[in-house]
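**Student:** Turn this into a structure:
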Amino acid sequence: MERDVMEYDVLVVGAGPAGLSTAIKFAQLNKKNNTNHSICVIEKGSEVGAHILSGNVFEPTALNELIPDWREREAPLDTPVKKDVVKYLINKNISIPVPLPAILMPNFNNHGNYIMSLANYCRWLAKEAESLGVEIFAGFTASEVIIEDDRLKGIVTGEMGVGKDGEKKPSYQPSMELRGKYTILSEGCRGHLGKQIIKQFNLDDGKDPQHYGIGFKEIWDIKPDLHKEGTVMHTAGWPAKGTVSGSYCYHGKNNQLYMGYVVPLDYKNPYLSPYDEFQQWKHHSGISKLLKGGTRVAYGARALIKGGYQSRPKMSFNGGLIVGDNAGTLNFPKIKGTHTAMKSGMIAAETVFDALENNNFGSDLIIYEDNIRNSWLQKELYKARNFGPLLHKFGNFMGPILAAIDQFIFRGNLPFTLNHPTPDYACLEDASKMPKIDYPKPDGVISFDKLSSVYLSNTSHEEDQPCHLKLKDENIPISVNLPKYAEPAQRYCPAGVYEVVNEAGQDKFVINAQNCVHCKTCDIKDPSQNITWVTPEGMGGPNYLNM
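**Tutor:** As a prediction, this is how the structure comes out:
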């Protein structure tokens, strides 16, 4: 079947902070130079921001460069940070404040930063992009890459209206080709196409494997007398079981509390459930008192990319660039990636604009790496490089101490670079070697089950469509993962997608794909690397409002 084709000078895949910053900067260069290079952004969410989730304490460094008059343009940054609190949780009832001054803890000094909704921030960026002439198409998935003559030429959108049986329904809409002289992949963490391109062009040769965490977020409406607008609190310690997990509580506007928990995905125990760790953490006396009489109004989960400097792949290839968390630009010690993602997109726009102006189409813009290297982005990521490996190598007690020495005393300038050469999925030990973990049952007041949480994420998929969670071998979950690892998909998934049920005396692996919140954890942590996340039908997935 012949597909419709739309051609652009620049095609951006993903309307997150990196992709939208790419589009805005490129459009600004068009305006400044009186050129008319076309640019298009494609976004798989039902609208811009629908799939965006982050803590988020925002550092405005890149925004100050991109849109200096953002205050006058009513950017949704109206909750400046007023106070930082850091605590170590000893157990359910005891915590120790970490009273070091900001000069010794630059990564936890948020003076000049803002508590915000990243989803709403991206919606604002999208309006800014459209006002500059950028075309944005939401609700369309980038399903496949178009590779011709060893170059990326664009993407193929996903078909709509295909049933589980593969047959076309009356609502069928064919795919189409979006082609660009350059394609910018800005899909966020563990991007479906970015993963393929990194492999296709060997962009990670000589690099450490990428590393990830799973981050949870809930928004609570809390009592006004418990709310302290502008307060930022981070904790470590309890209830982490053999992991260097951490949490956050951000007091936003309108008596709302943004709270969440991050579990590194290099954990060893297959019985560990990141979701249940998060729910248990909320029962700490210092956390639960904030929630007393409050109401949970939103839930979401998303993998985050934290490999950093040693794991960042080459970000240029024939016909395109990879930007933002698709490549791993998050600053893990700061727990911030929005400003770095934006900067990578801005540099990408400048690089591609220069190429087009010089009639250089579809080449490998290796100068992009030089441009990054000469920016503050490179300096920031380089100084953060040893943080993650120290945590992994020395565990959840000595690791944080050594990482603190690296960051707070030496400012990331130790004369060596550590490595973390084991992929997260390969860190799991056999279940027979690990202790089982019995988590408390949710009480329905402070802690909740997975399905009630998925309900709050507004997740929706057309049920009669092919499953977007592909098994390379349908036998592996029961024949390999169950006996060896107690099938950890039942526990690492934050949305109850995977189950092992017994029918007529036979164990069966069940995939509830309609629950999927697109966190990508299964694609990352499956110990057999048997699960591949691909794009479902357009507009499917969560519909986050203020996350």
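**Student:** residue boundaries of the strands in the stretch 301-450 of the chain?
**Tutor:** Using DSSP state E, counting those that start in this stretch, the strands assigned to the stretch 301-450 of the chain run over residues 316-317, 320-322.
**Student:** Looking at these, which is nearest to residue 82?
**Tutor:** For the strands of the stretch 301-450 of the chain, the distance to residue 82 is smallest for strand 320-322, at 36.6 Å, taking Cβ to Cβ. Where you see a C-beta, it was placed from the backbone N, CA and C, and this is true even at glycine.
**Student:** which stretches of the stretch 101-250 of the chain form helices?
**Tutor:** 118-131, 192-200 (DSSP state H, counting those that start in this stretch).
**Student:** longest helix of the chain?
**Tutor:** If you go by DSSP state H, the chain has its longest helix at helix 338-357.
**Student:** next helix or strand past the worst-scoring helix or strand of the chain on mean pLDDT?
**Tutor:** Taking mean pLDDT, DSSP states H and E as the measure, the helix or strand of the chain with the lowest value is helix 387-404, at a mean of 84. Per DSSP states H and E, the first helix or strand lying C-terminal to helix 387-404 is helix 450-456.
**Student:** separation between residue 395 and residue 61?
**Tutor:** 33 Å (Cβ to Cβ, to the nearest Å).
**Student:** Those two: who's more crowded?
**Tutor:** residue 61 (19 against 14; other Cβ atoms under 10 Å).
**Student:** Skipping its backbone neighbours, what lies nearest the more buried one in space?
**Tutor:** In this structure, residue 61 finds its nearest non-sequential neighbour in residue 339, 4.9 Å apart by Cβ to Cβ, 6 or more residues apart in numbering.
**Student:** Do I have it right that the one you found meets residue 63?
**Tutor:** Yes - contact criterion Cβ atoms under 8 Å: residue 339 and residue 63 qualify, at 7.3 Å.
**Student:** Neighbours of residue 161, how many?
**Tutor:** 16.
**Student:** nope, residue 461 is what I was after
**Tutor:** Using other Cβ under 10 Å: residue 461 sits among 18 other residues.
**Student:** tell me the secondary structure for the closest residue to residue 468 other than its chain neighbours?
**Tutor:** In this structure, residue 468 finds its nearest non-sequential neighbour in residue 536, 3.8 Å apart by Cβ to Cβ, 6+ apart. Secondary structure, DSSP: H, G, I helix; E, B strand; the rest coil: residue 536 is coil.
**Student:** One more: residue 10?
**Tutor:** Under three-state DSSP, residue 10 comes out as strand.
**Student:** Could you double-check that it lies in contact with residue 26?
**Tutor:** Yes - in this structure residue 10 lies within contact range of residue 26 using Cβ under 8 Å: 5.9 Å.
**Student:** Give the intersection of the neighbour lists for those two.
**Tutor:** Residues touching both residue 10 and residue 26 (Cβ atoms under 8 Å, 6 or more residues apart in numbering) are 37, 39, 352.
**Student:** Show me the shaky parts of this structure.
**Tutor:** Where the chain drops to pLDDT under 70, the residues are 1, 100-106.
**Student:** try 90 this time
**Tutor:** 1-2, 98-109, 242, 333-335, 387, 390-411 (pLDDT under 90).
**Student:** sorry, back to before: hey, which of the strands of the stretch 301-450 of the chain is tucked in deepest?
**Tutor:** Burial of the strands of the stretch 301-450 of the chain is given as mean neighbour count (mean count of other Cβ atoms under 10 Å); strand 320-322 ranks first at a mean of 31.
**Student:** That one pairs with which strands?
**Tutor:** According to DSSP bridges, strand 320-322 forms sheet pairs with strand 176-185 (parallel), strand 316-317 (antiparallel).
**Student:** With distance to residue 376 as new columns, can these be given to me in JSON lines?
**Tutor:** Output for those, formatted as JSON lines (distance: least, Cβ to Cβ, whole Å):
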{"stretch": "strand 176-185", "distance to residue 376": "21"}
{"stretch": "strand 316-317", "distance to residue 376": "19"}
